[in-house]
Every structure is written in structure tokens, then in C-alpha cells.
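>>> What follows is a predicted protein model with its sequence.
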Amino acid sequence: MAPWSGLWGGRAVLAGGDAYRGTPVVVRMENPNSWSISEINDDDDDDYGGGQRRRRRRRRGKNAKQITWVLLLNAHRAAGCLAWLASAAVALGCAARRRVAAGRTDADDGAPAPAPTPTPPPTPRRSRLYAFIRALLLLSLFLLAAELAAHANGRRLAAAAVSLGSLHASWVRFRAAYVAPPLQRLADACVALFLVQSADRVAQCLGCLYIRLRRVRPEPVSPPAVPDAEDPDAGYFPMVLVQIPMCNEKEVYQQSIAAVCNLDWPRSSLLVQVLDDSDEPVTQALIREEVDKWRHHGARIVYRHRVLRDGYKAGNLKSAMSCSYVKDYEYVAIFDADFQPYPDFLRRTVPHFMDNEELGLVQARWSFVNKDENLLTRLQNINLCFHFEVEQQVNGVFINFFGFNGTAGVWRIRALEDSGGWMERTTVEDMDVAVRAHLKGWKFIFLNDVECQCELPESYEAYRKQQHRWHSGPMQLFRLCLPDIIRCKLSVWKKANLILLFFLLRKLILPFYSFTLFCIILPLTMFVPEASLPDWVVCYVPALMSLLNVVPAPRSFPFVIPYLLFENTMSVTKFNAMVSGLFQLRGAYEWVVTKKSGRCPSSSEHEQETTKQPGKTTTTATATATAKYNRMYKKELALSLLLLTAAARSLLSKQGTHFYFLLFQGVSFLLVGLDLIGEDVK
């Protein structure tokens, strides 16, 4: 490329001669949205004189035209971006209009309206939390109207200036004396909890950094012998039982059964139990047919179906462990219906039990086949990557304890029996058995480099129900396990870790302060300015915590701000579930199977996994057509109006940081309340 000259040539301009000639540029358009510039060198042996001046003028004219082309192309690209944004805004508006026109809310069951019958419809459940939020919304609207009236009174635009001024002055005195002090004390308490939880998160991130820098990873006490080429079954291959609990999951049963039957483990040392709790006869027949097909091709696999479906997943696993042949097996691996382990899963997990009699559980991390499906799955991926990369790994390395994730793990059967086995007393049977095993002295190992593929919920409805179960169950378990934790023989610091960190800080305090501080106290401080929250609480520290959460998933860095807003939006669901589980309210024991889409882990959705699959290539069974609708969520919509009202009030007090946070958070609640963040059901 020829060197730049002319005005950009520096000293060459002052040297005279041919330094001001310029460099011709040719613009090539490969497509309307991309362009490139190429420089062309002229011959250096041109004669000086009148011809040179003419050539210089022609070159200047060409340069001006080329710059014009570049500007036009940039304008074309900007117009294309604006057109895309306009079309996206129109699509969003149309989707919102469809939601409002349909009128379906989270109180509906999602089924089509039945024919009119003489019997009256059941009375819908009333949520105390929704009534509380609605009362705050009405109060905020009234206070905003009063502030606007007082603002107009100050400009001499109100008719009854004296009466409005006296009423406003009385309200100011009342809120300064009786409303602001308790509100400020509550805000200070929530800020203190926020700082404690932030310090815990920073400590976990530092622990993860230490693990990475020192390359700490669990290794088997006695590495297994390398299998003999002539006898591949030689080596450490204990008897392993594999369980696949499922319930009406016709979208994923083929993938999970195929992945488990393809595990690289001697057939004589492996037995697969398909634990089907489906209540649909068609689904039962399909799963039974798939099991028979694999059994016909040499897999040791059995099909079990319960007549009495008590206890959900815990009852299903408990019933399977009561079989007489289970006593012949030493370990049990558990995979949910949408999990597809790699063939070497058992070879990389089971050897850790060898010569380590204190080890009760080996847990692998999850990876997701649909993490880029929509905005909801991207945000879930951020949350779960932090959970596995930081929380599970740090607790496994430094404490030898973490909550079992319910799947993609291998248990020593003796540890399960010693801890009391599966119990149906909570909706988090996996965490229940892990806590009881920890109280008995069993140790856990988390393998961050062993992955098992699964699906993320693609609709907000499914994700919301999943999070309700995940945050209600720990509070049920805390009520039941607290006396056992206090009486157990663990060391004091392990008891403190269980009570203060594992349960209180991460399961109770986190949803409490997140909802109370950012969704209730912050908007109230706009109407009670005598109580305030500093900018670092509203903006800087939450942004730092969000950055720490995104670090384990660096490709998700562009979504750090949506992640911060979405986590605050989900706090209403988590807070409601936490209170429901802690005080045993209605809905605390609600169990809804998370809907699956049956996505294949291959790069293309049209490719079907045929490796090592016996017989004829088949595709996933088509689900029976069911009525699915996008809904509007009343609590989220009420909170969005509350936050937007507080944002309007903050304009009067000219609080910039608080205004932008309330505005964006209110819009986030509005999008989630209209179900515009996940799967769009047509």
C-alpha cells in the first residue's frame, strides 16, 4: 500500500514537490451493506509541468467523488439499521397488542375456554403480594398527582393555591416525621444485606480465580489402569445403575435413552432404568417401544411405570431404588429426561470413587444446546454458568459440599442409603438428600470439565414455574433441616456455612433484599425524598456484581445490562416463592414439569443423531397439539407501572441516576409482564 501523503503526510506537505498529489481510492461494493477501499499507486515517472497540474486536478476530483461514495454507503448502512430497529419496534408493538387483545393472564390455566355449564367457575386464587403491589401503585399515582399539583401551585397555575399549598406542607411535615425514618432504617438494613451478599460473591470469585491460576482440579486418588487393547473390559468398571426419571416428556425421551445406552461402559456392568411417570397412554406406549428397541439391540435396559404417582420425582426415584436387583450395584447415575451425557461420562466420573471411601457424590456441570435461542435463554446461560463455574466449583474445592443439581451426577448407593434415601417432603429432593448426606460426613466432588448437555426453558412461563420451585423448596428444607444441622457432629464452621451462607444468605436474603430494595424502597424514596439511596447502591455496585456474573460466560458480555435488569425483574417471583416456602403458604408444594422442545445437540436442527443408534433412523415423536398461549403477568405489570410512576416523580427532583434506573427497570418489568422476552407462541 502506498504511503499516505498530502494533508495527512505531515512534513511531506512542507517539502514541496509532488507531496500533495493524494492517493487515488477505488470503492468496491460487494453487497449493499458492505464496502471496501483499495488504494492504487500511480506511475512515479510522470513529467512535471502543465500536464502534471491537470492530472492533479483530476485526482482531486476523483478523491472527492470517492469520499462522497463512502459517505453515501455509510448513510445506507445507517438507514438499514434504522429500518431494522423500526421493524423490530413494530413487531414488538404488534406482539404487545396481541397480548392485550387476548387478555390471558397468569391466573388463567392456558386451556381454551370451556363451553358454558350450569356449575359456576372456580374462584381464582388471590395473591397477597399482588394486592400489596397494587396498593403501592395506587398510592404512588396519588402522590404523583399531589406533587404535580404542588409543582403547578408553585408556578401560580392552580386555582386553589392556598389550600393546595397547606395540604402539601402538612404532607411534607408528616412524611418527614413519621414515614421517612422507618423507610430509611429499612433501606439501611437492606443495603447492609446487599453489601454482605456482594462480599460473599466477590469472595467466591476470588476463590474461582485461585482455582484457575493454580489449576486446581479434582483427581482420582488411584488413577484407573489403562484398559487392555485385547480386553477392553479390563480395568476399574464397577456395577453402575443409570436412572432416567421422566413424566410426559415425549419431546426428549428418544435423545436421552439413546445417549445413555451409548455410554462407553461394559454392558455387563451397566443397567439402565427408564422411570416413566407419564399419565398419557400414548406417551407410555412410545417410551416402552423405544426401550424394547434398545433391549433388542443388546442394551441392558428396563422400563418401570408406577401406578400410584406419589411424591413426584422423589417418589419415582425412591420406588426404583426399592427393586431387589439394586443391591448388586455400587453406584447410581441420574439423568433427567432432557439430559444427554457424552459417551465417556462414566469413565470420567466413576474413577473418582476408587479408593476414596468418604466420597458420596460426583457432580458434572451442565451445558446447553439452546443457549442462543432467544434473549431469555441467553440470560439463563449467564446465571447458570456462574452457578457452576463459581459457586459449585468453589464450594466443591474448599468445602467438599454443594447442593446436588438433581441430574448429571453419580451417587454412591451406600451414601444414599446412609442419609435416609429419597424423601418426598420438599420440592427440592436433590438438595434435601445432599444436605442429609453432608450431615452424615460424606464428601462431594464437582467436575467442571465434565459436561452434560441439556435444554433451557425457552418460554417465560416455564422458566417462572421452574424458579418458583427452586426458591420455594430450599425454604421448606431449611425449616425441616435446621434442628438436624444444630444437633449434628459437624464442625462449627461447617454448621455456620450451612445455616448462614448456604440457606440464609444465598436462599433467603438474596431474593429478599433484591425485591425489597430495588422494587419497593427505591420507588418509595422518590415520593419520600427525606429517605434516600446513594448512587453507588443503585448503579455502581449492581453493575459490578453483574460484571462478575458475566465473567464465566465472556461471550455474553453484551447482555450485562439486560441481565442486571432481568435479575431484578425475576426477584418478584423468587421473593414470592421464598415467602411461600418459608411460611408454608398455598402453592409452596406446586410441582410443574418444565416443558421441553426436544432440540438436538447437533449444529443443525435438521440433522438427526444416528451414531451408534440401532435400527432405522427415527425422529423425535411429535407432541400432541396442545393449547399454548402467551400470557400477561399481573405482578410484573403492576410493578412496571409503579417504577415508571416513580421515574416520572424523579424528574421533578432532577435525580438523573435514579431516573434512568427506574425507567429502564420499569420497561424491563413491562416487557416481562407482557411475555415479550421468551418464546413467542403464535
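That came in fine, so what should we check first?
>>> can you tell me how far D338 sits from A646?
41 Å (Cβ to Cβ, to the nearest Å). C-betas here are computed from N, CA, C, even on glycine.
>>> More neighbours: which of these two?
A646 (26 against 23; other Cβ atoms under 10 Å).
>>> what ranges do the helices span in the stretch 251-400 of the chain?
253-261, 281-296, 312-321, 345-349, 375-386, 393-398 (DSSP state H, counting those that start in this stretch).
>>> buried ones in the longest one?
Put plainly, it is helix 281-296. 283-284, 286-287, 290-291, 293-294 (16 or more other Cβ atoms under 10 Å).
>>> Looking at the residues you listed, spot the one nearest A187.
T283 (51.5 Å; Cβ to Cβ).
>>> does that closest one really touch Q254, like I thought?
No. Taking Cβ atoms under 8 Å as the definition, T283 is not a contact partner of Q254, at 11.9 Å.
>>> Could you list the buried residues of the helix or strand where V667 lies?
V667 belongs to helix 656-673 when assigned by DSSP states H and E. Applying a neighbour-count criterion of 16+ other Cβ under 10 Å, one finds 658-659, 661-666, 668-673 buried in helix 656-673.
>>> what's the spacing between the residue nearest to Y210 when sequence neighbours are not counted and A434?
What sits nearest to Y210 in space, not counting adjacent residues and going by Cβ to Cβ, 6 or more residues apart in numbering, is V216, at 7.4 Å. Applying Cβ to Cβ, the value for V216 to A434 is 22 Å.
>>> Could you do D188 as well?
Distance from D188 to A434, by Cβ to Cβ: 35 Å.
>>> Any figure for the gap between the residue nearest to I499 when sequence neighbours are not counted and F478?
Leaving aside its chain neighbours, I499 sits nearest to I485 (6.1 Å; criterion: Cβ to Cβ, 6+ apart). Going from I485 to F478 by Cβ to Cβ gives 9 Å.
>>> who has more neighbours, those two?
F478 (22 against 19).
>>> ok, V274 - how many residues close by?
25.
>>> got it, and V302?
By the measure other Cβ under 10 Å, the count of residues near V302 is 14.
>>> which residues does the nearest residue to it once chain neighbours are set aside contact?
Distances taken as Cβ to Cβ, 6+ apart place Q273 nearest to V302, at 5.7 Å, with adjacent residues excluded. Counting by Cβ atoms under 8 Å, 6 or more residues apart in numbering, Q273 touches 241-244, 301-302, 304, 320, 323.
>>> Q273 and A299: what is the separation?
Taken as Cβ to Cβ, the span from Q273 to A299 is 12 Å.
>>> so L183 touches L533, yeah?
No. Contact between L183 and L533 fails when scored by Cβ under 8 Å: they sit 10.4 Å apart.
>>> what's the domain layout of the protein?
177-216+458-600, 240-456 (the TED database).
>>> picking up where we left off before, could you look up the SS state of the residue nearest to Y210?
Three-state call for V216 (DSSP: H, G, I helix; E, B strand; the rest coil): coil.
>>> residues touching L167, list them.
A146 are the contacts of L167 under Cβ under 8 Å, 6+ apart.
>>> who touches the residue lying closest to K495 once chain neighbours are set aside in this structure?
The shortest distance from K495 to any non-neighbouring residue, by Cβ to Cβ, 6+ apart, is to I485 (5.8 Å). Listed by Cβ under 8 Å, 6+ apart, the contact set of I485 reads 435, 439, 495, 498-499.
>>> and the gap between the residue nearest the centre of the chain and Q453?
For the chain, the residue nearest the mean C-alpha position is Q380 (1.6 Å; Cα atoms, centre = their mean). According to Cβ to Cβ, Q380 stands 15 Å off from Q453.
>>> and what of V307?
Look at V307 and Q453: by Cβ to Cβ, they are 33 Å apart.
>>> ok, back up a step: and V216 and A434? Which one has more around it.
A434 (26 against 13).
>>> tell me the contacts of the more buried one?
A434 touches 361, 401-404, 444, counting by Cβ under 8 Å, 6+ apart.
>>> Using the three-state scheme, assign it.
Under the three-state scheme (three-state DSSP), A434 adopts helix.
>>> And it, how far from K440?
According to Cβ to Cβ, A434 and K440 sit 11 Å apart.
>>> What of Y331?
Y331 is 17 Å from K440, by Cβ to Cβ.
>>> Those two: who's more crowded?
Y331 (21 against 15).
>>> Give me the spatial nearest neighbour of that one, chain neighbours excluded.
Using Cβ to Cβ, 6+ apart and skipping residues adjacent in sequence, the residue nearest Y331 is V240, 5.0 Å away.
>>> before we move on, the earlier item: helix or strand: which one has the residue nearest to K495?
Here I485, judged by DSSP H and E, is contained in helix 460-487.
>>> Check W171 too.
W171 is part of helix 161-174, with elements assigned from DSSP H and E.
>>> Check L547 too.
Counting by DSSP H and E, L547 is part of helix 541-550.
>>> For stretch 474-484, could you pull out the residues that count as buried?
So for stretch 474-484, counting by 16+ other Cβ under 10 Å, buried means 474-478, 481.
>>> Relative to S87, which of these is nearest.
P474 (43.5 Å).
>>> For the closest one, give me the pLDDT.
P474 is assigned 95 on the pLDDT scale.
>>> I'd like the numbering to begin with 31 instead of 1 from here.
That works, and once the first residue is 31, the last one we named lands at P504.
>>> Run a quick neighbour tally on the residue lying closest to it once chain neighbours are set aside.
Spatial nearest neighbour of P504, excluding adjacent residues (Cβ to Cβ, 6+ apart): K537 at 4.2 Å. K537 has 24 neighbours, counted by other Cβ under 10 Å.
>>> Same check on E485?
27.
>>> Just to check, it is in contact with F398?
Yes. Counting by Cβ under 8 Å, F398 is a contact partner of E485 at 6.8 Å.
>>> quick one: N292 and P373 touch, right?
Yes. With contacts counted by Cβ under 8 Å, N292 reaches P373, the gap being 5.5 Å.
>>> re earlier: contacts only, for the residue nearest to P504.
Going by Cβ under 8 Å, 6+ apart, the list of residues near K537 reads 501, 504-505, 508, 608.
>>> Show me the shaky parts of this structure.
Scanning the chain with the threshold set as pLDDT under 70 gives 31-93, 139-156, 183-195, 253-264, 630-658, 711-712.
>>> redo that, cut-off 50
31-52, 55, 57, 62-76, 140-154, 186-189, 259, 632-655 (pLDDT under 50).
>>> Kindly provide the distance from F533 to L174.
40 Å.
>>> who's more crowded, those two?
Between F533 and L174, counted using other Cβ under 10 Å, the more crowded position is F533 (22 against 17).
>>> Specify the local secondary structure of the more buried one.
At F533 the chain is in helix, as set by three-state DSSP.
>>> was I right about it contacting G503?
No. Using Cβ under 8 Å, F533 makes no contact with G503, being 11.6 Å away.
>>> quick one: N435 from V420, how far?
According to Cβ to Cβ, N435 stands 14 Å off from V420.
>>> For D374, grab the count of nearby residues.
Neighbourhood size, D374 [other Cβ under 10 Å]: 12.
>>> how close does the closest residue to it other than its chain neighbours sit to Y372?
Spatially, and ignoring its direct neighbours in sequence, D374 is nearest to D294 (5.5 Å; Cβ to Cβ, 6+ apart). As judged by Cβ to Cβ, D294 and Y372 stand 9 Å apart.
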